[in-house]
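1. test case, fold it:
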Amino acid sequence: MSKTIIALDFSTAEEVVEFLKPFEEPVYVKIGMELTYGAGLDIVRTVKEMGHHIFLDLKLHDIPNTVKGGMKNLAKLGVDLVNVHAAGGIEMMKAAVAGLEEGAAGAKRPLCIAVTVLTSVSKEAMNDQLGIPGEVQDTAIRYALNAKAAGLDGVVCSVHEAASVHEACGKDFLTVTPGIRLASDSKDDQKRVATPDYAKEQGCDMIVVGRSITKSADPYGTYRKIEEMMN
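-> Model (predicted):
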């Protein structure tokens with residue numbers, strides 16, 4: 001299984017199909033809000049028919065019953081990985097797992113992970129704007145422990161928190177880390193970023209890479225290069 005999840009930051013199904021044509025083997029891709037809202041959930045079926053694995057990144061965050069109903073329907077799409085916001089609390093996360101199990105109807109349910117602290121949020125923003133005191137790492141670990149208590153499979157965290165999350169929650173607790181850039185790339189709107197090499201050093205299980213691959217002159221070649229770094 002690939003350790004690199006390619007963020008499909010496109011708006012149409014046509015762009016996605018064209019982008020994926022050069023890829024010679026099944027890869028793991030992230031379908032997020034931009035693509036889902038632009039192309040609809042049919043894009044999930046299209047990408048699945050092409051043989052790829054899907055992380056459906058919609059970050060559910062609502063009252064438990066609403067999240068349960070949403071996850072029940074998402075499970076029917078055959079995606080491999082979904083997520084919620086850990087800030088929704090333990091009961092909401094438990095409801096998400098229950099909805100996935102119900103929707104899977106006896107088949108293997110999608111893995112479910114919780115977003116801890118967005119990689120665009122700095123310590124200052126977390127403290128001053130969100131009203132959460134302390135260090136980002138402390139909040140990420142607290143949220144990760146809540147996710148584990150709720151029965152989730154792992155978390156989305158920055159590379160800089162991955163080792164601490166594994167220490168607190170165990171090596172089998174999945175860490176999916178966005179904010180990955182090649183050394184030559186711009187940070188764009190991310191604050192807590194890292195290279196694939198550093199992600200590997202920190203024990204990250206899977207990394208999410210967007211613009212470094214999608215904006216590359218040779219997306220498939222760049223993907224293979226990053227996979228080699230991770231493995």
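
2. output stretch 63-78 in CSV with nothing but the alpha carbons.
-> Included here for stretch 63-78 are C-alpha records, laid out as CSV according to Å, rounded to 0.1, in the frame of the first residue of the first chain:
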residue,chain,number,x,y,z
ILE,A,63,-23.9,16.6,16.6
PRO,A,64,-23.4,12.9,17.0
ASN,A,65,-26.7,11.7,15.3
THR,A,66,-26.0,13.9,12.3
VAL,A,67,-22.5,12.6,11.9
LYS,A,68,-23.7,9.0,12.4
GLY,A,69,-26.2,9.4,9.5
GLY,A,70,-23.6,11.0,7.3
MET,A,71,-21.0,8.3,7.9
LYS,A,72,-23.6,5.6,7.3
ASN,A,73,-24.1,6.9,3.7
LEU,A,74,-20.4,7.5,3.1
ALA,A,75,-19.6,3.9,4.0
LYS,A,76,-21.8,2.8,1.1
LEU,A,77,-19.5,4.5,-1.4
GLY,A,78,-16.7,2.1,-0.9
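
3. quick one: mean pLDDT over it.
-> What stretch 63-78 shows for mean pLDDT is 97.

4. next one: stretch 94-102
-> Stretch 94-102 comes out at a mean pLDDT of 98.

5. which intervals of this protein have sub-threshold pLDDT?
-> By pLDDT under 70, the low-scoring segments of the chain are 185-193.

6. which strand of the chain spans the most residues?
-> Longest strand in the chain, counting residues (DSSP state E): strand 53-60.

7. report the distance from the helix or strand just after it to the chain centre.
-> The helix or strand immediately downstream of strand 53-60 is helix 64-75, counting by DSSP states H and E. Relative to the mean C-alpha coordinate of its chain, helix 64-75 is positioned 18 Å out (CA atoms, centre = their mean, to the nearest Å).
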